[in-house]
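**Student:** Quick one, structure for this:
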Amino acid sequence: MSSKEIIVCKDAEDVARRAAERFASDARKAISRDGRFVVALSGGNTPRLMNAFLVQHYANSLDWSRTFLFWGDERAVPPDHEDNNYRMACETLIDHVPIPPSNAIRVRAELPPTEAAELYEKELRAFFRRGKDSERVTDQNNFPVFDLIFLGMGNDGHTASLFPGTPALSEKKRWVVENPVSVLNTERITFTVPLINQAREVIFLVSGTAKAPAVKR
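**Tutor:** A predicted model of the protein is given here:
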């Protein structure tokens, strides 16, 4: 990204509304320009509100048939688990808008994390090399270019599942990796830093006073 903008909202609902408006605006621009909109979603509570706003105001005014959903990270739990980001998106967005099921490309987190990460990267590579989408893969390290990536942030400053001190932070070539998170005694599947940095736009959705120090840093 060549520039950044910090928008301070009055509350979490205002964050969600502004995020949904940007989602819709970017979707229309991308579909007009490229014939499709490729976006990565995040987990957490703030996206729940954004998804509800999208359903309420944009379910019938966006071209969902040309919208493709991915996820920036996923917990190592199956899709029916309450902590699964894809499940949350289904409950709050996907099941309530006319998007083809095949347009939501989830992480197969029911598999072992290493296998799930390798498979997701394989699926991403296949998607971005298909037809006109091959133009979206940058020359440098062949990283794809998402139209928009939504990210959250934890109290410790982590985003996606790129936790402080974890191996994924130093990855330079892979698109997706499994990342051991010792502080949570688990593994996550996550986009890598160079992949995120190639996106046309990245939006961090952050709310709550506990995250203010990390935002300031």
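**Student:** CA only for contacts and neighbour counts going forward, please
**Tutor:** Fine.
**Student:** can you give me the strands for this protein?
**Tutor:** 37-41, 67-71, 73-75, 148-151, 176-181, 186-191, 202-204 (DSSP state E).
**Student:** Quick check: which of those is nearest to Lys122?
**Tutor:** Nearest of these to Lys122, taken as Cα to Cα: strand 176-181 at 9.2 Å.
**Student:** Which parts of the chain are helices?
**Tutor:** Per DSSP state H, the chain carries helices over the ranges 12-34, 46-58, 85-92, 113-128, 193-197, 212-216.
**Student:** Redo these as TSV? Include distance to Arg174 and mean pLDDT.
**Tutor:** Converted to TSV, the helices of the chain look like this (distance: least, Cα to Cα, whole Å; pLDDT from 0 to 100):
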stretch	distance to Arg174	mean pLDDT
helix 12-34	25	96
helix 46-58	26	94
helix 85-92	22	97
helix 113-128	8	97
helix 193-197	8	96
helix 212-216	27	89
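**Student:** can I get those helices in JSON lines with distance to Asn185 and mean neighbour count?
**Tutor:** Below are the helices of the chain laid out as JSON lines (distance: least, Cα to Cα, whole Å; neighbours: other Cα atoms under 10 Å):
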{"stretch": "helix 12-34", "distance to Asn185": "29", "mean neighbour count": "17"}
{"stretch": "helix 46-58", "distance to Asn185": "24", "mean neighbour count": "20"}
{"stretch": "helix 85-92", "distance to Asn185": "19", "mean neighbour count": "21"}
{"stretch": "helix 113-128", "distance to Asn185": "14", "mean neighbour count": "18"}
{"stretch": "helix 193-197", "distance to Asn185": "22", "mean neighbour count": "20"}
{"stretch": "helix 212-216", "distance to Asn185": "22", "mean neighbour count": "12"}
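**Student:** Of those helices, which is nearest Val107?
**Tutor:** Nearest to Val107, of those and by Cα to Cα, is helix 113-128 at 5.9 Å.
**Student:** and the angle for the closest one with strand 186-191?
**Tutor:** Interaxial angle, helix 113-128 versus strand 186-191 (axes from the mean of the first three to the mean of the last three Cα atoms, to 10 degrees): 10 degrees.
**Student:** what sits up against helix 113-128?
**Tutor:** The set of residues external to helix 113-128 that reach it, using Cα atoms under 8 Å, 6 or more residues apart in numbering, is 76, 106-110, 133-134, 136-137, 144, 174-178, 187-190.
**Student:** Return the angle between stretch directions for it and strand 67-71.
**Tutor:** 160 degrees.
**Student:** how much distance is there from helix 113-128 to the middle of the chain?
**Tutor:** Chain-centre distance of helix 113-128: 15 Å, with Cα atoms, centre = their mean, to the nearest Å.
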